[in-house]
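Okay, predicted coordinates and the sequence, questions at the end:
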Amino acid sequence: MSPTKPPATTARPVPRSLRTSGIVIAVVLVAIVAIGLTQRARSSSQLRDWTDANALPVVATVQPQALGESDALQLPGRLEAYASAPIYARTSGYLKDWKVDIGAHVKAGQLLAEIETPDVDQQLAQARADFAKAKADADLARSTATRWQAMLGSDAVSKQEVDEKVGDAAAKQAAEAAARANVDRLAATQGFQRIVAPFDGVVTSRSTDVGALISAGGGSGPELFTVADTHKLRVYVQVPQSYIASIRIGQTATMTVPEYPGREFSAKIESTAQAISAASGGTLVQLAVDNTDGDLLPGGYADVSLALPGDAKGASVPASCLIFDGSGMHVALLGADNKVKMTPVDITRDLGKTVEVAGLQSSNRIIDSPPDSLRDGDAVRLADKPAVAPNAAPGKSDANRKA
C-alpha cells in the first residue's frame, strides 16, 4: 500500500491594495530622499555664494567734483606794523621824565622823553674851550705866516723859515677844524637828550622810567620806546612752491581775524621774496591791508584767502583717494561690473584735504580710502549694498539634516 500524499497547498494571492500601498511608500521615500538631496545642494550653493560675496573687499565710492572758474587757497598770516622803530638812547645819563606811555598816538618830532646828561654837558664845555684855544692859535699862526711872507721880498728872512711859518699856520687851522668838529659832535650828542618820535604812529612799548640810568646803546641796549605806524599793516604769508606761479603783484585777497568773526578785510599783494625758503618750502608773500580805523593789531594772526585761477579740465577729489606705489600715483576707479581699474593721475594743486587732478570725469566712481591689497581687475562690493545672505543659515541646514 502506497503512502498517502499530503494535500497540496495553494498560495494566496496578494491583495492589490497592499501592493499599491507598497509602491506608493517606495515612491514617497525616493521623493523625500531626492528633495533632501536637492535642498542640501541648494543650501551648499547658497552658502558658497554668500561666503564668496562676503570675501570681496567692501569699499565706498566718491565722485570727482568739477572745478569752477576759481578756487581759494587758505593760508595762515602774520600781521605787522607797516613801519616800526625801536627807539634807543644815543647819549648817556639819567631819564629826567617821559611824556607818553603805551597806546599814545604821536606825531613825527613829538617829544617822548628827556635825558639829563651832566657828563656830556661838561665834555661839551671843555670842547668849546679847546676850540677857542685852537682858534686863537690858528689866528696867530696865520698872521705870523703873513708877516714872514711879506719879509721874504726884502731878504730879511730865508725861504725855509717862511715855509715853516706857513706850515705851522696850516697845522693850527687843521687843529681848529678838529676842535670845531668835536664841539659839533658833542653838541649833537647833547641834542639826543630829547627823544622824539621818528614818524606819526602809536607807542607800542615803553621800557624805561624816571631816574633810570641810560647808556648810549646804539642798538645793543634795551630800547626805551617802540613807535609803530599802524594806519596800514603788512600781512606776511608763506605760499607753497606749487602755487607761486599763480601769485600776481596787485592781486586782491581777503582775510579774517579771530577777534572779528564773520568780518572780512581786503588786502593787496605788494611783493614776494622771489626765493623759496628751505625751512618752509614756500615763498614769503607780503600783502598790505588798510587799518585807518585801528581795528587790526600788529603782531596778530590772520587767516588769508588767496583767490587762484582754477583748471576747468581737472576735478577735485579727496586726498584719501590717492594711491602711492612704485609705479606712481593712482586712483582706483570702479567700473560698471564692480571691478577695479587703476588709473594714473597728476596732481595740479594740493589743497590739503582735497586735491585737484587732471584726467578724471565727474561721472567716474572713485574708491575712497582703498585697501592696500587692492589690485587692478579685483572685484569689490559697495558698502551701501550688503551681500545677500543665503535662505538657510548653516546652523539651520544642519538642524534640518539631523531632523
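Ah, there it is.

in the protein, which ranges drop under the pLDDT threshold?
1-18, 41, 43-55, 67-71, 217-221, 309-314, 384-403 (pLDDT under 70).

Show me what the nearest residue to Pro118 once chain neighbours are set aside bridges to in the sheet.
Once flanking residues are discounted, Pro118 sits nearest to Gly93: 6.9 Å by C-beta to C-beta, 6 or more residues apart in numbering. Where you see a C-beta, it was placed from the backbone N, CA and C, and this is true even at glycine. Gly93 has the following beta-bridge partners by DSSP bridges: Ile214.

which residues does Gly93 contact?
Contacts were defined as C-beta atoms under 8 Å, 6 or more residues apart in numbering; by that measure Gly93 touches 115-120, 193, 214.

repeat for Ile269
247-253, 285-287.

That one: what's its closest spatial neighbour, skipping adjacent residues?
Gln251 (4.7 Å).

Please narrow the contacts of Gly93 to those residing in helices.
118-120 (DSSP state H).

host element of Met255?
Element membership for Met255, per DSSP states H and E: strand 252-256.

Buried residues, that strand. List them.
Neighbour-count burial for strand 252-256 flags 253, 255-256 (criterion: 16 or more other C-beta atoms under 10 Å).

I'd like the next helix or strand past that strand.
Counting by DSSP H and E, what follows strand 252-256 is strand 265-272.

between the helix or strand just after that following strand and strand 265-272, how big is the angle?
Counting by DSSP H and E, the next helix or strand C-terminal to strand 265-272 is strand 282-290. Following axes from the mean of the first three to the mean of the last three C-alpha atoms, to 10 degrees, one obtains 130 degrees for the angle between strand 282-290 and strand 265-272.

contacts for the very next helix or strand once past strand 282-290?
Using DSSP H and E, the next helix or strand after strand 282-290 towards the C-terminus is strand 301-309. For strand 301-309, the surrounding residues in contact (C-beta under 8 Å, 6+ apart) are 69-79, 235, 237, 239, 243, 246-247, 251-258, 265, 267, 287, 349.

The helix or strand just after strand 301-309 pairs with which strands?
Counting by DSSP H and E, the next helix or strand C-terminal to strand 301-309 is strand 314-318. Strand 314-318 has its sheet partners listed here by DSSP bridges as strand 65-66 (antiparallel), strand 354-358 (antiparallel).

most packed of the ones you listed?
Sort these by mean neighbour count, taking mean count of other C-beta atoms under 10 Å, and strand 354-358 sits at the top with a mean of 19.

next structured bit after it?
strand 366-368.

so what secondary structure elements neighbour that next one?
strand 58-62, strand 328-334 (3 or more C-beta pairs under 8 Å, 6 or more residues apart in numbering; DSSP states H and E).

how far is the helix or strand following that strand from where the chain is centred?
Downstream of strand 366-368, the next assigned helix or strand under DSSP H and E is strand 381-382. Per C-alpha atoms, centre = their mean, to the nearest Å, the displacement of strand 381-382 from the mean C-alpha position of its chain is 38 Å.

Next: stretch 351-365.
That offset, for stretch 351-365, works out to 23 Å (C-alpha atoms, centre = their mean).

who's in contact with it?
In contact with stretch 351-365 (C-beta under 8 Å, 6+ apart) are residues 61-67, 71, 73, 310-311, 313-319, 322, 331, 333-334, 343-350, 366.

again, 6 Å this time
For stretch 351-365, contacts defined as C-beta atoms under 6 Å, 6 or more residues apart in numbering pick out 61, 64, 66, 314-316, 318-319, 333-334, 345-349.

Quick one: buried ones out of the residues you listed?
For those, buried by 16+ other C-beta under 10 Å: 61, 64, 314-316, 333-334, 345, 347-349.

From those, pick the one nearest Leu37.
Leu334 (39.8 Å; C-beta to C-beta).

Distance-wise, check that closest one relative to Ile115.
79 Å (C-beta to C-beta, to the nearest Å).

Check whether Ser212 really touches Lys96, as I assumed.
If you look again at residue 212, you'll see it is Ala, not Ser. No. If you go by C-beta atoms under 6 Å, Ala212 and Lys96 don't touch, sitting 10.3 Å apart.

So for the lengthiest strand in the chain, what gets flagged as buried?
With secondary structure taken from DSSP state E, the chain has its longest strand at strand 70-87. By 16+ other C-beta under 10 Å, the buried positions in strand 70-87 come out as 71, 73, 75, 77, 79-85, 87.

Over to stretch 370-387?
370, 378, 380-381.

is it possible to export those to TSV including distance to Gly299?
Formatted as TSV, these follow (distance: C-beta to C-beta, whole Å):
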residue	distance to Gly299
Pro370	45
Asp378	55
Val380	53
Arg381	55
